[in-house]
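Colleague: Provided below are the primary sequence and the corresponding predicted coordinates.
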Amino acid sequence: MRHDLPAGLSVFLVALPLCLGIAQVSHAPLYAGLLSGIIGGLVVALISGSSLGVSGPAAGLTSLVAASIASFGDYRIFLLTVIVAGAFQLLLGIAKLGVIANYFPSAVIKGMLAAIGILLIGKEIPYALGYDKQDFWTARFLHLFEPGNFLSNIKNFNHEVTMVTIIITIVSIAVMVVLQQPFAQKLKVLPAPLLVVVVGIVLNMAFTTFSEKYGLRHAQLVRMPDRFLSSIQFPDFSQLFKHTQIWKDGILIGLLASLETLLCVEAIDKLDKHNRITPVNRELVAQGCGNMLCGLFGAIPMTAVVVRGAANVDAGARTKLSAFTHGIFLLLAVLFLPFALNQIPLASLAAILLITGYNLTKPKLYRNMWSLGWKQFLPFIFTILVILYTDLLIGVSIGLLISIYFIIRNNFKAEYKMVASRQHETTVYTITLNSDVTFLNKVNLKKTLDKIPEYSVLTIDGSNCNFIDYDILEIISEYANKAHDKHIELHLNGIQKVNVTAVH
């Protein structure tokens, strides 16, 4: 009552506009975002072992969710992918694969989040301008730059955007930016996202009072159904085995949701003053159960969310009951306050998500990755570019391959070294193998051995090795058989020769 109840109220005030905004940018019904937040609070919070984490719809999945909904053309079929994603997460948790996030390089994960930030900004700009059609980037924006008609195109475009919407967007962004400054922390009475929503409602009411023609159109406001429960769409199970894309998208959503969740709980654990550690496998089980329920009841997929978890910590939460309480408040708002939700301008939600997108892809991030060198910057920037031009899965895969390339390249250089010296009239070469030598080194080692001139002395020292791959032993053994013919005196230290005459 003293700590978790007020903390839950505070998180609810942050989560409400975010649930609506993320559903909007995902091109899903707005109620689907609220349902996801409700399930995250009432179900996932109880199953999870996290004391301070809060789950709900996540900005990191918006582009994938929007693309999946568009590809199926039927929201009920998309819900099947959410169920598959939840089942996949549940299996990961049962199989104790919660350490999966540790196998993705930091540069690739940062690139993925930065690309999501760029996509988020791109999706919200039309809403921020008051353009309420879906063809802004594919048709309208490109039409502006047609040769010979630029000025007339600009004039026509001005008739399609709304000045009131632009004013609300600018004021909302200004409020968000100001409240994020250190000096404004003491001035905060309401969470910044909620204050932005209130400011947007007040501005729209003021313009409408002045003149009806200045008010926002219905298409520029949140539109929650009057009969909330009867409007919920449920999955069409008859299509489950008719589209392989359902399974592909489901596993991809499950994988990315798991990554985002595991990164989030790690960040929130660092904020916990009591140093409690979230059991990652149990968290995957909780998220899996939550997403299966999201699919069953018409909600968009969820993850643990850093913004809500951080707000929970700042509000003084002590236990998981704060997350549960925020879910109760969301449920009450949906059941009893739909008329109030319908007064929220979409421009206010766009402003919140524009700032969220900017925070994911700040210029400071790019400067920091550049300062770390090519080995970090190339996987980072290629992940971003490929995601923008293709999709998340291909982008993350390409970034991962580039990171693996640098690992292999370093391995080539690091696992042995050669020193040459002169003793009387003879050149003496020493090749020292390092701790672990794998088949990845065999090409370079073979080239190095072939360059040893005749009438030399060669020592290959493996006395400090923990592991020498059979492929390496085979190359050295083959070379030992040839060394005599080249008049090379060969010495092997700590290396056991193997039989290379076996029939293949």
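Modeller: Yep, that arrived.
Colleague: what are the ranges of the helices in the stretch 351-500 of the chain?
Modeller: Here the stretch 351-500 of the chain has its helices, by DSSP state H, counting those that start in this stretch, at 363-371, 374-389, 392-414, 442-450, 470-483.
Colleague: Which one, of the ones you listed, ends up nearest to Leu90?
Modeller: Closest approach to Leu90 among those is made by helix 392-414 (20.6 Å; CB to CB). Every C-beta, even on glycine, is put in place using the N, C-alpha and C of the backbone.
Colleague: Buried deepest among the helices of the stretch 351-500 of the chain, which one?
Modeller: Compared across the helices of the stretch 351-500 of the chain, helix 374-389 shows the largest average neighbour count, a mean of 20 (mean count of other CB atoms under 10 Å).
Colleague: and the angle for that helix with helix 392-414?
Modeller: Orientation of helix 374-389 against helix 392-414 (axes from the mean of the first three to the mean of the last three CA atoms, to 10 degrees) gives an angle of 160 degrees.
Colleague: What confidence value was assigned to Phe150?
Modeller: We note a pLDDT of 56 for Phe150 in this prediction.
Colleague: can you check Glu146 too?
Modeller: For Glu146, the predicted pLDDT is 59.
Colleague: could you dump the helices of the stretch 351-500 of the chain to CSV with distance to Val199 and mean pLDDT?
Modeller: What follows is the helices of the stretch 351-500 of the chain, written out as CSV (distance: least, CB to CB, whole Å; pLDDT from 0 to 100):
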stretch, distance to Val199, mean pLDDT
helix 363-371, 27, 92
helix 374-389, 32, 89
helix 392-414, 34, 76
helix 442-450, 63, 83
helix 470-483, 67, 86
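Colleague: Let me have those in JSON lines, extended by distance to His274.
Modeller: Converted to JSON lines, these look like this (distance: least, CB to CB, whole Å):
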{"stretch": "helix 363-371", "distance to His274": "30"}
{"stretch": "helix 374-389", "distance to His274": "33"}
{"stretch": "helix 392-414", "distance to His274": "34"}
{"stretch": "helix 442-450", "distance to His274": "51"}
{"stretch": "helix 470-483", "distance to His274": "50"}
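Colleague: nearest to Val222, of those?
Modeller: When the helices of the stretch 351-500 of the chain are compared by CB to CB, helix 392-414 sits nearest Val222, at 27.6 Å.
Colleague: out of the helices of the stretch 351-500 of the chain, which comes closest to Phe88?
Modeller: When those are compared (using CB to CB), the closest one is helix 392-414, at 13.7 Å.
Colleague: From the contact counts, what lies against that closest one?
Modeller: Applying 3 or more CB pairs under 8 Å, 6 or more residues apart in numbering; DSSP states H and E, one finds that helix 392-414 contacts helix 106-129, helix 244-271, helix 374-389.
Colleague: Is it possible to get CSV of the ones you listed that adds distance to Asp436?
Modeller: Formatted as CSV, these follow (distance: least, CB to CB, whole Å):
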stretch, distance to Asp436
helix 106-129, 23
helix 244-271, 28
helix 374-389, 20
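Colleague: what's the closest of those to Ala23?
Modeller: helix 106-129 (12.2 Å).
Colleague: Give me the angle between the closest one and helix 392-414.
Modeller: Calculated by the same axes, to 10 degrees, helix 106-129 forms an angle of 150 degrees with helix 392-414.
Colleague: If you count contacts, what does helix 106-129 end up packed against?
Modeller: If you count contacts as 3+ CB pairs under 8 Å, 6+ apart, helix 106-129 packs onto helix 4-25, helix 62-72, helix 163-179, helix 244-271, helix 346-360, helix 363-371, helix 374-389, helix 392-414.
Colleague: just checking, next helix/strand downstream of the fourth one?
Modeller: Per DSSP states H and E, the first helix or strand lying C-terminal to helix 244-271 is helix 280-296.
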